[in-house]
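Student: just need the structure, nothing else, for what follows:
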Amino acid sequence: MTTHRAIVDALSHSALRGESVVLATVVSVTGSNYGGVGTRMVVRVDGSTVGVVSGGCLETDLAEHARQAHADARAIVVTYDTRGDDDAAWGLGLGCNGLIDVLLEPLPPMQAGAFAVLLEQALEFAAPSVLASVMRSSGAEGAPALGAHALFTGREIQTVGDWGYRTELAAAEADAFEALNAGRRGLTREYGSVAIAFEVVVPAVRLVICGSGPDVVPLVKAGVELGWNLTVVDHRPVEHAHAERFPGATVVECEDAIRLADAVALDGHTAAVVMSHHYARDLDYVSALLESDVVYIGVLGPRARTKRILAEMTSAGETVRGDERLFAPVGMDIGGDGPDAIALSIIAEVSAVTSRRAGGHLRDRKGPLHESPSSATTEI
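Tutor: Below is the predicted model:
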């Protein structure tokens, strides 16, 4: 797992063990890049790492800089410019055609824990939030410290690190919401001698799985690897051994499928898959989900089975119209057989829908893979 969730776990564990770490964060990108702004890696004192920021191209060099940052107890920004035809000056030979700024922050245990809490709150928030990080500062009296962070969730602002007189924090608030409203993945702003990077943190995908058969196991496993928030719904009482089948997921009991909304939140940030393999129960699950605000409803099984479910709902007096949220049969058409392949196809479809992507081949996508960041200077 190399997601935000893995970074949160790594920072939390370091805090509990009283171990210092160095957090590497991509704070600015121009041109081609691997994971975009907000991609992170934790470098432990023993040299081991969690996460990647470039798919392996920069990690070794960053680990060296991290060791120096830890020794100096001082945050630094390392820049990699591979836009030229020859990036051999870096001794890396990447050829990625991008400009990347990486913030390296030495974090004592308490600060590591505080930042883990901040990032966890962003992942659990009901909507995208904005995380602002100071990537350059003069260090003058009253100026924020390099590596200070602020999380903007709705009208709430939470901070970690030294924001000095908070002048730049107040100025950053307006730009944070501009970044959020524009949907940009990365944005930088300069306030005199201070530069702040803004990152839109998208909440972890919330997936409700209605059913607990053997084919749910690989679906949960794949979702956990992606850092998703997973809930498995079973009609039977939840027992300890039962829950152990789905590590990383929450297992809840829902004896009456039509009352699914009473057992688990079905809001506009949740996707759901119906796969109990019990016709009557699936009918009630589908009915409950169509009445909810979930953004995605996948139904396992043949197309004719779902048509029969919808026809019975209509005969029972329920209003069933064409619903763009309904995907039946569930999953992307990527081939393969068996539970693992089915899980992969479901994961791909849920990811595409919740990311508002159509799916398909990246070679056919028009324009860049990631939105380009913008930059500007603000007078304060």
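Student: the strands in the stretch 151-300 of the chain, which residues?
Tutor: 156-160, 186-191, 194-201, 206-210, 229-234, 250-253, 270-274, 296-299 (DSSP state E, counting those that start in this stretch).
Student: the longest one pairs with which strands?
Tutor: Read that as strand 194-201. As defined by DSSP bridges, the strand partners of strand 194-201 come to strand 129-136 (antiparallel), strand 186-191 (antiparallel).
Student: A204 - how many residues pack around it?
Tutor: Applying other Cβ atoms under 10 Å, we find 21 other residues in the vicinity of A204. Bear in mind the C-beta positions are built from the backbone N, C-alpha and C, glycine included.
Student: isn't it right up against L123?
Tutor: Yes. A204 lies in contact with L123 (Cβ atoms under 8 Å); the separation is 4.7 Å.
Student: common neighbours of the two, please.
Tutor: Residues touching both A204 and L123 by Cβ atoms under 8 Å, 6 or more residues apart in numbering: H4, R5, G227, N229.
Student: now do the residue most central in space within the chain, the pLDDT please.
Tutor: For the chain, A204 is the residue whose C-alpha lies nearest the centre (Cα atoms, centre = their mean; 4.7 Å). As predicted, A204 sits at a pLDDT of 91.
Student: again with A348
Tutor: For A348, pLDDT reads 97.
Student: check contacts around the residue lying closest to it once chain neighbours are set aside.
Tutor: In space, and not counting its chain neighbours, A348 is closest to M332: 4.4 Å by Cβ to Cβ, 6 or more residues apart in numbering. With contacts defined as Cβ under 8 Å, 6+ apart, M332 is in contact with S345, A348, E349, A352, G359.
Student: mind redoing it with 7 Å?
Tutor: By Cβ atoms under 7 Å, 6 or more residues apart in numbering, M332 lies in contact with S345, A348, E349, G359.
Student: in three-state terms, label it for me.
Tutor: At M332 the chain is in coil, as set by DSSP: H, G, I helix; E, B strand; the rest coil.
Student: what about it, distance to K366?
Tutor: 20 Å (Cβ to Cβ, to the nearest Å).
Student: before we move on, the earlier item: any idea which of the strands of the stretch 151-300 of the chain is most buried?
Tutor: strand 206-210 (a mean of 27; mean count of other Cβ atoms under 10 Å).
Student: please state the offset of that strand from the chain centre?
Tutor: Chain-centre distance of strand 206-210: 16 Å, with Cα atoms, centre = their mean, to the nearest Å.
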